[in-house]
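> sequence first, then the predicted structure:
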Amino acid sequence: MITAARNYLVFLRRCARVAFVGDWRYYSWMGVLTVIILLGLNAYAKQFAHGLIVTGMSDEVSWGVYIANFTFLVGVAAAAVMMVIPVYIYDNEELHDLVIFGELLAVAAIIMCLMFVTVDLGRPDRFWHLIPGLGQMNFPASMLSWDVIVLNGYLLLNVHICGYLLYCRYQNRKPTKWFYIPFVFSAIIWAVSIHTVTAFLYVGLGGRPFWNASIVGPRFLASAFTAGPAIIILALQIIRSTTHYRITDKALLTLRGIVQVSMIINVFLLVCEVFKEFYSGNLHVASAKYLFLGLHGHHALVPWIWSAITFNLIAMVLLVLPVSRGLRYLNVACVLSIVGIWIEKGMGLVIPGFIPTPLGAIVEYTPSLNETLVCFGIWAFGLLCYTIFLRMSVPILQGRLSKANEGISEPGPNDIVAETSVTSHS
Amino acid sequence: MPAPAPHDPLTAPDAGVTRRSFLRTSAVLATGLAAVAASLKPLFEMEDITSAQQFMQKYYKELTPEDMAKVLQRIEGEVEKEYGVRPHVRDLRPMDGVEFVYALNLSRCIGCRKCVHACVAENNQSRSPEIQYIRVLKMPHGTFDLEKGDHNYASEQVPEKGFFYMPVQCQQCHNPPCVKVCPVNATWQETDGITVIDYNWCIGCRYCEAACPYWARRFNFTKPSIPAERLNPNMSYLGNRPRSQGVMEKCHFCVQRTRAGRYPACLEVCPTGSRKFGNILDPNSEISQILRTKRVFMQLKEDIGTNPRFFYYFDV
Amino acid sequence: MHPQNRTPMVLTGLAVVFIGLAAAFLSDSWGYPAPRAKIPLVDKAILDPTTVRRTYADLIRAKEDLSDFDCYACHEKGQPPPLRYDENHKLLIPEEHVNIVMGHGSHGRNNNCFNCHNETNLTTLQPRDGRELKLENSTELCGSCHGPTYRDWDSGAHGRSNGYWNTKLGPAVKKDCVNCHNPHSPRFPGRKPAPGPHTLHGTGEVTHTPESPSTH
């Protein structure tokens, strides 16, 4: 028992050391992220001291860019794990590595989600009121209580899966199937649930006709499975170029397939939504009008949504054409998808729900400087987490950081020792 | 591919740590920590850091009468410290056999907004930033499309020809969406029909504000500011005691008055007597008689299924 | 530059940046909410629940001077005061009663003084059924013509009560007709509305709504 604990602590210490030590590029990257995080921390300190008045939110538009980012990132977290599906159909040991990168992204995304929700709270010091047993949890009526449970559960699930698989690889031990396979399959179902629950947060509100529509749930999932794998495609290429971890283009093209189909579905659902809103001309169309056309002289979001639609359409065309088998075009399509979906699902979903208010008033919303700094800070923190996770996991997967070489040497940034390749069945 | 450098301090953990590199690393760490500490400076400017008792306070429904007495004492002390006025804070419970209903005569409302301001004064709402539970809409004749309402009319005289005026406040719905969505049960409906908020339990997530179809709920985006000379010292725990930054509030039918048998402040100040209030379970109350005899009365947004306890009716 | 030399430079640079950041934080130069426009406190008269008029009954209760209502200080007992009309059959108000503006009913339908006042006993009022009502019971007079409104007033649907809805705990004081309506010109007067709402951000100007012109 004690040796097991000691071994684990040594493992953690070595991982931590690897995370804090690197070359000048690593220090520059982490330095930039730290500066942004500190700017965000300072901005949040101001918000904690003075209240949410330092944001651009008001009683009319009471959720803003924090919840917009939260919504987007829940989708990324859900989709990151969906890569597991094609991988587990092919019982290939090497493919598990790709899955780990996806799940680590999910962990980073969930951490960001939890942070975004926390900074949005008026009284974060009262977070303990949410803990079942200690506080009061309005389960099952409140979708937010569901969200708290499923997000934290998803975090624990993925931390367990990654931690276990990485530690086994570190010890050069074959992982026991029962310790991770059931969790992986739970994670697949759980991934769908976290995003559905988040969608239901909006759908369940009868007083907001823009959100109270059955298309919101499917659109959430379609857009998540577009943006999530797109982020992973970009992340894998960055991993490949900075760590020389071999990731074949075939793996990237499998993901391209997912992004392609999801984007087509996403655009189709957009068409459905636009038709439903505008064809019948009933009174509940005000929010959609505000978003797409402007309402009574207020049109702050109109350029944003049309840019998003343009990006999504260009991305869809690129993804459908064989030209996107080439990485340059694929990357362009991915970036366009991510930006387009961030706008559409973030500002394009949350803000129009509040404009006009249920009493018909229009008060527009612009994120304040403070709000923006907090958002950047949280994104930077998420990137920092993901960088650290990769910095720990890549050497483990490559075999350079293993029990066998404990006490001998730590892997340096430019060491190329053993390589493991990641391929994907077509 | 570059080979690992022999003097690379990264591959030889213990050898090669020069004084310079140690100092450099320490400098980065120290300056980093200094930057972290400096970034938290605004926290030290906070005056209103929550006390331990406030932080640990139990949920309203779990407080014993002794707990509640202590809480009320503490609140009285806090208010006295802040405003220089010792209030009287009570925990009024719902009366048996009482269900409150409100009715508003749209033929009589002239849109003078006295109710708005009387409510603000009675319920110790923040003046800056401004919180007002009641919002009066100036509606053109012949429509109930709320988008056509004007919230900030400032005509020389009201009522203006061709318009009617509709005040909207919390409707104390039978089927309240705000209660359904609150993750911590900070808002619930009591037996007399009033949906109340435990201000010391609310975490400020604003889900209820998004859920309300009547835009009835308000959030304290910063510390509310109430002029001490206008503080109403007759307070109740679930009603008009001063709220803190980061929590929700809304119309509660003046619990501090109505549960003591009195009319709400908005009703008492209305110059045209457009507001009607009472116990619907009493067949002889004004409100029962109105709802029995008036042929045309309605609930706002009836189709959503909230079933409000607030009725709008017409005389002429 | 040799990659090996870059790391120390980057680290030194980082340390400098952190110091700069710390100084920037301590200087507090950004991020605070813009000072809000001062919203003036509302005039206390708006908060006053007193009715627009005081009735004769109110004056009696308050034990005030009622000499203004002593009709026979000027009029002669037994002599009904004559009514004078102009060429358009509009009632001419004598200069002693110049503060009375007649406007009872559209097109001046009810501008005959003795429709309500008893010409043989000016201190009383006369509903059509032959009764004589004291001035403080004018509500019965109004109700003798305005039946449906009187019925509503009686049940509480019209007019206002102040005090307690639960009369077991305290009194409810129902206002009389003439607390709100001038009996000679009963149409409820218009008034200036109290100030409208202010938004949280911006210049404190009011909410943008469709009907109001855009201010910027």
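Structure's in. What do you need? Note that the coordinates shown come from a computational prediction; the quantities given were computed from them, not determined experimentally.

> by mean pLDDT, point me to the weakest helix or strand of chain A.
In chain A, no helix or strand scores lower on mean pLDDT, DSSP states H and E than strand A:421-422, which sits at a mean of 43.

> again, but for chain C
Ranking every helix and strand in chain C by mean pLDDT, DSSP H and E puts helix C:3-27 at the bottom, with a mean of 86.

> report all helices and strands that that one contacts.
helix A:24-50, helix B:19-39 (3 or more Cβ pairs under 8 Å, 6 or more residues apart in numbering or on different chains; DSSP states H and E). C-beta coordinates here come from the backbone N, C-alpha and C atoms, glycine included.

> what is the neighbour count of the residue in chain B that chain A sits nearest to?
Going by Cβ to the nearest Cβ, chain A is nearest to B:Gly204 of chain B, at 1.9 Å. Counted with other Cβ atoms under 10 Å in any protein chain shown, the neighbours of B:Gly204 add up to 23.

> who touches it in this structure?
Counting by Cβ atoms under 8 Å, 6 or more residues apart in numbering or on different chains, B:Gly204 touches A:52, A:121-123, A:126, B:219-220, B:246-248.

> and among the helices and strands packed on helix C:3-27, the most buried is which?
Highest mean neighbour count among these (mean count of other Cβ atoms under 10 Å in any protein chain shown): helix A:24-50, with a mean of 21.

> report all helices and strands that that helix contacts.
Packing partners of helix A:24-50 (3+ Cβ pairs under 8 Å, 6+ apart): helix A:369-398, helix B:19-39, helix B:41-44, helix C:3-27.

> deepest in the core, which of the ones you listed is it.
Most buried of the helices and strands packed on helix A:24-50, by mean neighbour count (mean count of other Cβ under 10 Å): helix A:369-398, with a mean of 22.

> helix A:24-50 and that one, what's the angle between them?
140 degrees (axes from the mean of the first three to the mean of the last three Cα atoms, to 10 degrees).

> thinking again about what came up before, quickly find the element holding the residue of chain B closest to chain A.
For B:Gly204, there is no helix or strand it lies in under DSSP states H and E.

> what's the answer for the one 4 residues further on, then?
Using DSSP H and E, B:Cys208 maps to helix B:207-211.

> do that helix and chain A meet?
Yes: judged by Cβ under 8 Å from any Cβ of the partner chain, helix B:207-211 comes into contact with chain A at B:207, B:209-211.

> that older thread, which of the helices and strands packed on helix C:3-27 has the lowest mean pLDDT?
Lowest mean pLDDT of those: helix B:19-39, a mean of 86.

> list the helices and strands that helix packs on?
In this structure, helix B:19-39 packs against helix A:24-50, helix C:3-27, with contacts taken as 3+ Cβ pairs under 8 Å, 6+ apart.

> any idea which helix or strand carries the residue nearest to A:Leu52 when sequence neighbours are not counted?
Leaving out its chain neighbours, the residue that sits closest to A:Leu52 by Cβ to Cβ, 6 or more residues apart in numbering or on different chains is B:Phe221, at 4.8 Å. Under the criterion DSSP H and E, no helix or strand holds B:Phe221.

> thought B:Phe221 was touching A:Gly51?
Yes: with contact defined as Cβ atoms under 8 Å, B:Phe221 counts as touching A:Gly51 (5.3 Å).

> which residues do the two both contact?
B:Gln245.

> what's the burial count for C:Arg191?
C:Arg191: 16 neighbours (other Cβ under 10 Å).

> apart from its chain neighbours, what residue comes closest to C:His181?
In this structure, C:His181 finds its nearest non-sequential neighbour in C:Phe188, 6.6 Å apart by Cβ to Cβ, 6+ apart.

> for the one you found, give me its contacts.
Counting by Cβ under 8 Å, 6+ apart, C:Phe188 touches B:110, B:271-272, C:180-181.

> thinking again about what came up before, pLDDT, distance to A:Tyr26 and neighbour count added to the residues of helix B:207-211 next to chain A, as JSON lines?
Conversion of those to JSON lines gives the following (pLDDT from 0 to 100; distance: Cβ to Cβ, whole Å; neighbours: other Cβ atoms under 10 Å in any protein chain shown):
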{"residue": "B:Tyr207", "pLDDT": "97", "distance to A:Tyr26": "41", "neighbour count": "26"}
{"residue": "B:Glu209", "pLDDT": "97", "distance to A:Tyr26": "44", "neighbour count": "22"}
{"residue": "B:Ala210", "pLDDT": "97", "distance to A:Tyr26": "42", "neighbour count": "25"}
{"residue": "B:Ala211", "pLDDT": "97", "distance to A:Tyr26": "46", "neighbour count": "24"}
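
> as a markdown table, the residues you listed with distance to chain C would be great.
A markdown table is the format used below for these (distance: Cβ to the nearest Cβ, whole Å):
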| residue | distance to chain C |
| --- | --- |
| B:Tyr207 | 19 |
| B:Glu209 | 13 |
| B:Ala210 | 16 |
| B:Ala211 | 20 |
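
> and what about the nearest residue to C:Pro171 once chain neighbours are set aside, helix, strand or coil?
Spatial nearest neighbour of C:Pro171, chain neighbours left out: C:Gly163 (5.3 Å); criterion: Cβ to Cβ, 6+ apart. When classified by DSSP: H, G, I helix; E, B strand; the rest coil, C:Gly163 comes out as strand.

> where does the chain dip in pLDDT?
No chain specified, so I'll use chain A. Where chain A drops to pLDDT under 70, the residues are A:86-96, A:408-426.

> meant chain B, my bad for not saying
Scanning chain B for pLDDT under 70 picks out B:1-17, B:48-49, B:316.

> how about the strands in it?
B:88-90, B:100-105, B:135-140, B:163-168, B:187-189, B:195-197, B:217-219, B:234-236, B:248-250, B:275-279, B:297-298, B:310-313 (DSSP state E).

> wait, which of those is closest to C:Asp86?
Minimum separation from C:Asp86 across the strands of chain B (Cβ to Cβ) falls at strand B:163-168, 35.9 Å.

> now do the strands in chain A.
A:246-247, A:421-422.

> interface residues of the stretch 51-200 of chain A facing chain C?
A:53-54, A:56, A:58-60.

> again, only this time at 10 Å
Listed as neighbours of chain C in the stretch 51-200 of chain A under the rule Cβ under 10 Å from any Cβ of the partner chain: A:51-61.

> of those, closest to chain C?
Using Cβ to the nearest Cβ, those come closest to chain C at A:Ser58, 4.1 Å.

> let me see the contact set for the nearest residue to that closest one once chain neighbours are set aside.
Spatially, and ignoring its direct neighbours in sequence, A:Ser58 is nearest to C:Leu200 (4.1 Å; Cβ to Cβ, 6+ apart). With contact taken as Cβ atoms under 10 Å, 6 or more residues apart in numbering or on different chains, C:Leu200 is in contact with A:52-53, A:56-61, A:363, B:128-131, B:219, B:221-222, C:33, C:36.

> swap in A:Val148?
Counted by Cβ under 10 Å, 6+ apart, A:Val148 has contacts A:114, A:117, A:127, A:130-132, A:137, A:139, A:142, A:197, B:183-184.

> how far is the helix holding B:Cys208 from where the chain is centred?
11 Å (Cα atoms, centre = their mean, to the nearest Å).

> returning to that earlier point: now do the least confident helix or strand of chain C and helix A:24-50, the angle between them.
10 degrees.

> tell me the first helix or strand C-terminal of helix C:3-27.
Following helix C:3-27 in sequence, per DSSP H and E, is helix C:56-61.

> and the following helix or strand past that following helix, what's its mean pLDDT?
Proceeding N to C from helix C:56-61, the next assigned helix or strand is strand C:124-125, under DSSP H and E. Averaged over strand C:124-125, pLDDT sits at 92.

> which strands and helices sit next to strand C:124-125?
If you count contacts as 3 or more Cβ pairs under 10 Å, 6 or more residues apart in numbering or on different chains; DSSP states H and E, strand C:124-125 packs onto strand C:133-134, helix C:138-145.

> reformat those as CSV; add mean neighbour count and distance to A:Ile238.
CSV is the format used below for the helices and strands packed on strand C:124-125 (neighbours: other Cβ atoms under 10 Å in any protein chain shown; distance: least, Cβ to Cβ, whole Å):
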stretch, mean neighbour count, distance to A:Ile238
strand C:133-134, 15, 94
helix C:138-145, 19, 85
